Structure formats: C-alpha cells, structure tokens
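Chemist: no sequence for this one, just the structure:
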C-alpha cells in the first residue's frame, strides 16, 4: 500500500514498527483493533456525558416551555378574500412587470439584458432593493 501522507497500516508497516500502539493492539495474525477501542471510548463518553449535566429539580415558579406548531394571526378572513379585498389582492411584481413591458418582445429584451423580472429600474436596478427608482405602473390597492 502507498502512503498518502497519513498513517499506513499495512501489515508490513506494523511488523516493522512493533513499538506503535497499532502493533501493540494486534494479536499475531489479526488485524489492528484500535479503531474498535476508539469507537467504544467515544461511545462511553457520549453516553455518560448526560450524567454530569446539571440535574436540578424543576423550579417552583410555575414556568413551562412552549412549542408553537401553528401560527394563526387574529384577523377576520373569508375563504376567498373577497370581503377583505373587494378589488382583488395586491398586484404582484409579475403583474407590474407585464404592465410595464406589455409586449412579449419587450419582456424578452429586458430579461435578456438584466436576467430577472425584478430588474425593472431605468438602468436595470432591482426594485426589491431600490423601490424608489420607479413608480409601479399598477396602483396600490388600499382597503
């Protein structure tokens, strides 16, 4: 076996270095057992680490831990949103992109030049990062 910069554990290396810990753990004719010993030592320390942890009794101040599995905001919501938003939901970036560049040729040119539909600014600025460089062509729907 070639040595790739690490420890070469071929039979010849172990036989030539009887003082090594690998050779000491190897019975004649058997493979080195040090990886199993290392694994057992790691397993023993990982399972007993909890024994040294702080094991105080729970406090008596009546506090509990809480895990939220679902979050529902306290708003009146109808099934389709037609009562909350009678004119429809707010326009998306895609809606504004299609309104700003009405033909497919204009959209393709912008996408070819700037690669993404949010780069709608005069010089290709991303309107997520620079929202004041343009005025959206579609109005904001207020409730």
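Modeler: Here it is on my side, so go on. All values derive from a computational prediction rather than experimental measurement. Numbers count the residues shown, from 1 in each chain.

Chemist: where in the chain is pLDDT low?
Modeler: Scanning the chain for pLDDT under 70 picks out 1-39, 43-59, 143.

Chemist: one more time with 50, if that's ok
Modeler: Applying pLDDT under 50 to the chain flags residues 1-4, 8, 22-26.

Chemist: show me where it has helices.
Modeler: Assigned helices in the chain, in chain order: 11-16, 21-24, 34-48, 93-100, 104-114 (criterion: DSSP state H).

Chemist: give me the angle between the last one and helix 93-100.
Modeler: It refers to helix 104-114. 120 degrees (axes from the mean of the first three to the mean of the last three CA atoms, to 10 degrees).

Chemist: now do helix 104-114: everything it contacts.
Modeler: Here helix 104-114 makes contact (CB atoms under 8 Å, 6 or more residues apart in numbering) with 97, 98, 101, 117, 119, 120, 124. C-betas here are computed from N, CA, C, even on glycine.

Chemist: likewise for the fourth one?
Modeler: Contacts of helix 93-100 from elsewhere in the structure, counted by CB under 8 Å, 6+ apart, are 91, 107, 117, 118, 120, 127, 128, 134, 136, 137, 138.

Chemist: hmm, which two among the residues you listed are most spread apart?
Modeler: 107 and 128 (18.1 Å; CB to CB).

Chemist: so between these two, which is more surrounded?
Modeler: residue 107 (15 against 11; other CB atoms under 10 Å).
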